[in-house]
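Undergrad: Following is a predicted model, sequence given first.
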Amino acid sequence: MFYLRSVLMVLLLCVLSGCMQFNLFSTSRNSSGYSSPAITSLVVIKSARKLYLFSGKEMIKDYRVGLGFDPIGDKKISGDGKTPEGMYYINRKNPKSRFFLSLGISYPNKRDLAEAKSFGKSAGGDIFIHGEDSKPHYFTRDWTEGCIALRNKDMREIYAAVNIGTPIFIRP
């Protein structure tokens, strides 16, 4: 009995210290089909209508996106139809989104709030990366209120791969 407890204690210490990676429930693939490596950042280039997933400095995958209905320029106020520009974070996941699945973006930040206040307006909020709604958008690429939209199959992959707290850089 003493021997068994000693072996278990050593294994436990190794797992806790990071010497070993051991997880009874881990798999190399999740239910969405996405597998490693871990996504450490997202980059959106608005002019290219592209979203890029990165693991460290390595670009893992890119996706075509749609933007707000008035996509050129940075979001200044609620209702302007622009997608914000800058550095934000994924701050929530919504599996029951009206737009299939969605990842919340931490807009507005302090700078955004101050800028909107200088215009005497609200900065707005609820900016997401999301899938499609029930209306077809065949002929309008940029149709959201300021969000970043993808095809549902692409959104399923991104939703599975991206964790809350992941930085997103949105560039012109």
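TA: Arrived safely, thanks for sending. Residues are numbered from 1 along each chain as shown.
Undergrad: Assign residue 154 to helix, strand or coil.
TA: Residue 154 carries the three-state label helix when classified by DSSP: H, G, I helix; E, B strand; the rest coil.
Undergrad: Can you report how many residues lie near it?
TA: Number of residues near residue 154 (other Cβ atoms under 10 Å) recorded here: 19. Using the backbone N, CA and C atoms, a C-beta is placed for each residue, glycine as well.
Undergrad: Settle this for me: it is touching residue 62, isn't it.
TA: No - under the criterion of Cβ atoms under 8 Å, residue 154 makes no contact with residue 62, lying 10.0 Å away.
Undergrad: So residue 78 lies in a helix, does it not?
TA: No - the assignment for residue 78 is coil, going by three-state DSSP, so no helix is present there.
Undergrad: so how far is residue 141 from it?
TA: Residue 78 sits 22 Å away from residue 141, going by Cβ to Cβ, to the nearest Å.
Undergrad: do you know how far residue 55 is from residue 142?
TA: 28 Å.
Undergrad: ok, those two, which is more surrounded?
TA: Applying other Cβ under 10 Å to residue 55 and residue 142 shows that residue 142 carries more neighbours, namely 19 against 15.
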